[in-house]
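K.L.:
got a predicted structure here, sequence first:
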Amino acid sequence: MRDPKIKIIRLPSFFRKRQFSSKPNCCLIPPLGLGLIASYLRSKGIPVEQDDLNMKIHYDNNYSVPPGDKVDTDIFFDIQRIKNYNKGNADVYIDEVMEKIDSKVKLSDGQIALLSLPDNIENDSNLAFALAYSRFIKKRYNSINILGGQGPWSNLLRTRHNCQDIDYVIQGDGEYPLYHLLNSITNSQKLGNLPDLSILEEGKLILSNRISETIKPDFSGLPIEKYRSKDEVLGYPSDIEEIMGQFQQTGVLLLPYRFTRGCPFECIFCISSTQKLSHALPPEEIALHLKSLQEEYNPTGFFFLNDTINISKKYINELCDEIIANKLKILWSDCARIDNLERDALFKMRAAGCIRLIFGMETASPRLLKYIDKKIDLRKLEDVLRWTDEAGIWAGVEVIGGFPHEKQEDIDATISFLNANEKYINRIYLNHFDLRQNSVLYNSPQKYGLERIFKVDQCTEKDFSSYVEYGFDEANGLRWEDKARQIEFSVKMVQESCAKGQRFFTDEHLLFYLYSYFDNKDDVKSIYLKILK
């Protein structure tokens, strides 16, 4: 394979409302997807570069450049103007904006640009940017543009806009299809039939059904120093000014990492319910990865992104043993099930660096727990929450409002549970119910009392913004128009009934910093409470 000019670029999203506590109002965690794709392709001998326009634009606009050099992001909220530009209509000002953006990422003639489209639950600035940027680099460099990223948003881009400057769209995990597509492009060959790939729309749309294996990510090429937190938008009293000042100056860096794919459990609303547990790295290999990443990037902590870290009691115990035996001295957080957790295991997890666990309760209604096939015991959850607190680990609980056929008594049961266990719950992660494609619920709607599933594809601007891809009617229940309102009502009820203190506030960078500073949950909690006052 000849040496191609290939660069994977994370595209930006912009927000009118504050979505993040960082001054740039963007996520400060490096994109795991880029790190995994870069690592995979490089391991296959493909010399890919990577960069992050999202981080560079937000960071530079807030910290690094003179006012005249800042990127005018407001232009990407004018979708009609961007669409006209995308059609080929001249727009001198958009060209000027794109020139500034182009200076941040070095491309060259004939570039193969792998464009990673982010999500955006507030607006369509992510789509507008993708249209304008692909148009600009196509004209400037005659680039081959390959779009990947979040499936719902790439579908919105394809179905609602003219994507003439995007040569290929990949949906699904990108590693496997990209390897074969890049080989076909650089060798001037047509992409042939391959297992787990569907090639549609005359080769332009590539759907991958292959779940990528878990590997060590490679973040080299990304602007790592720009991900370090600074100038958080947090108010606080004068008596904690010193420690908050140190937090601002320290530059907390969190690295994402994932070592399992899929989930061994079968909750009907989750897409992992149909994927099962497809990959899980051995604990000794995880420890080697963490040690290597710690030496390369010196992060404050690791943001694990597994569906559930404790896929079995044996697995979580062996993982903690490896971390402790290798004397890694790291901090980390992840999601967990209550089934495979006992008190001793939680204390071992804390000794291995765990500072936060998020538990997926979803609802405290016994009827709905059975309906969604959650397979959890609420009494065991109460025990685990108490043990988690005793171990000194920050505890989060996931709640979903508006499940199909949810009644007022179901909402009341959830609120009662949350309030009864308030002492042990540090954060409530509140979500709207969203029917997910390829979940058990989506694949077997009649079995679960759903009718008339149809595309919605809309963003809503509510107190809790959410993207809705599919609408549905409840069999012998609410029509979609009423169900959509009921989902909002359910979320709002939980929010208003449980909005006490820290339970709806979190800042991962601050949390990791405070644990690195105090190593004691009570002290960490005292700082949080003072900020919230």
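P.N.:
Structure received.
K.L.:
so what's F489 up against?
P.N.:
If you count contacts by Cβ atoms under 8 Å, 6 or more residues apart in numbering, F489 has them with G402. From N, CA and C alone the C-beta is placed, and that goes for glycine too.
K.L.:
now do the SS call for it.
P.N.:
When classified by DSSP: H, G, I helix; E, B strand; the rest coil, F489 comes out as helix.
K.L.:
let me see the domain layout of this protein.
P.N.:
6-208, 254-532 (automatic domain parsing).
K.L.:
relative to L222, which of these is closest?
P.N.:
Ranking the domains of the chain by their distance to L222 (criterion: Cβ to Cβ) puts domain 6-208 first, at 5.3 Å.
K.L.:
ok now that closest one, how far from the chain's centre?
P.N.:
17 Å (Cα atoms, centre = their mean, to the nearest Å).
K.L.:
pLDDT (mean, whole number) over it?
P.N.:
For domain 6-208, the per-residue pLDDT values average out at 94.
K.L.:
span of it from start to end?
P.N.:
Using Cα to Cα, to the nearest Å, the gap from the first to the last residue of domain 6-208 comes to 21 Å.
K.L.:
picking up where we left off before, now the domains of the chain as a markdown table including distance to D218?
P.N.:
As requested, the domains of the chain are arranged in a markdown table below (distance: least, Cβ to Cβ, whole Å):
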| stretch | distance to D218 |
| --- | --- |
| domain 6-208 | 4 |
| domain 254-532 | 9 |
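K.L.:
those domains: which one's closest to T214?
P.N.:
Evaluated with Cβ to Cβ, the domains of the chain place domain 254-532 nearest to T214, the distance being 5.0 Å.
K.L.:
ok, which of the domains of the chain comes nearest E225?
P.N.:
When those are ranked by proximity to E225, the top entry is domain 6-208, at 9.3 Å, counting by Cβ to Cβ.
K.L.:
residue ranges for the strands of the stretch 101-250 of the chain, please.
P.N.:
112-117, 144-149, 168-171, 197-200, 205-208 (DSSP state E, counting those that start in this stretch).
K.L.:
got the contact list for the fourth one?
P.N.:
By Cβ under 8 Å, 6+ apart, the surrounding residues in contact with strand 197-200 are 176-177, 180, 191, 193, 205-210.
K.L.:
just the buried ones from the residues you listed, in PyMOL syntax?
P.N.:
Typed into PyMOL, the line below selects the buried ones among the contacts of strand 197-200, using 16 or more other Cβ atoms under 10 Å:
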select buried, resi 176+177+191+205+206+208
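K.L.:
helix or strand for the closest residue to L255 other than its chain neighbours, which one?
P.N.:
Excluding the flanking residues, the one nearest L255 by Cβ to Cβ, 6 or more residues apart in numbering is P299, at 4.4 Å. For P299, there is no host helix or strand (DSSP states H and E).
K.L.:
now P299: phi and psi?
P.N.:
Per-residue torsions, P299: phi -70, psi 160 (degrees, to the nearest 10).
K.L.:
what's the answer for the one 3 residues further on, then?
P.N.:
Backbone torsions of F302, given as degrees, to the nearest 10, read phi -120, psi 130.
K.L.:
fine by me, thanks again.
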